[in-house]
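Enquirer: give me coordinates for this.
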Amino acid sequence: MQRPSSLVIWCLVVGCGAPARGTLPAIALPTGGVHDFDYFEGGWTTLQRRLETRGVGSTAWDEFPGTLCMKPYLGGMVTVDELAFPTKGWSGLTVRAFDVGLRRWSVYWINSKTGKLGTPVQGGFTADRGTFYGDDEDGGQPVKVRYHWNKVDRDHALWEQAFSRDGKTWETNWTADFTRADPATVCSAGRPAA
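Expert: Prediction:
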């Protein structure tokens, strides 16, 4: 996998992510440890499920496969993974940076369709459960975003994303089941196999 560009490193240090949007109530951010994502190093296969239409009563889910390769940097203080969705024709890059002083992760997403560095979610793990919050937009409206991570065991992890329009009620709109895979098979020259 290629090293993160100097632009990505600069943005992590000075905060190039989009400014917080909307006026939803603030949420207390969890803290964690610098080794929270150590378990995720290497190659993974994944089954993604994304809610087709968001809103009350939505039940139709789009399921699709993916492959992921993650590499740590700076002793695990920064991690970078590339997630490919071969049936969708696009991919994404996740950059995570641990703030030692705040004991908190900032997690950035870059979609290959836009190339934009998204607003981060922030948080950390307590034991095997991670919670992260951030601000974003959905359909032009401000939303709170919540990520939950669950380290099921050494070879399995679960992730879910939820949106809230009021900062109180949440709708899960994207989930991912991860299964550890042989990096030599899943990753090609450090990149996920498409």
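Enquirer: ok, which stretches of this structure are helices?
Expert: Secondary structure of the chain by DSSP state H: the helices cover 6-14, 183-186.
Enquirer: what count of nearby residues applies to residue 169?
Expert: 10 (other C-beta atoms under 10 Å). Backbone N, C-alpha and C define where each C-beta goes, glycine included.
Enquirer: cool, residue 93 as well?
Expert: Using other C-beta under 10 Å: residue 93 sits among 18 other residues.
Enquirer: which ones are touching it?
Expert: Applying C-beta atoms under 8 Å, 6 or more residues apart in numbering to residue 93 gives the contacts 80, 81, 82, 83, 109, 110, 112.
Enquirer: across the sheet, point out what pairs with the second one.
Expert: Partner residues in beta bridges with residue 81, using DSSP bridges, are residue 70, residue 94.
Enquirer: hang on, isn't it packed against residue 72?
Expert: No: Residue 81 lies out of contact with residue 72 (C-beta atoms under 8 Å); the separation is 9.7 Å.
Enquirer: in terms of neighbours, single out the busier of those two.
Expert: residue 81 (22 against 17).
Enquirer: now that one: how far from residue 154?
Expert: Residue 81 sits 17 Å away from residue 154, going by C-beta to C-beta, to the nearest Å.
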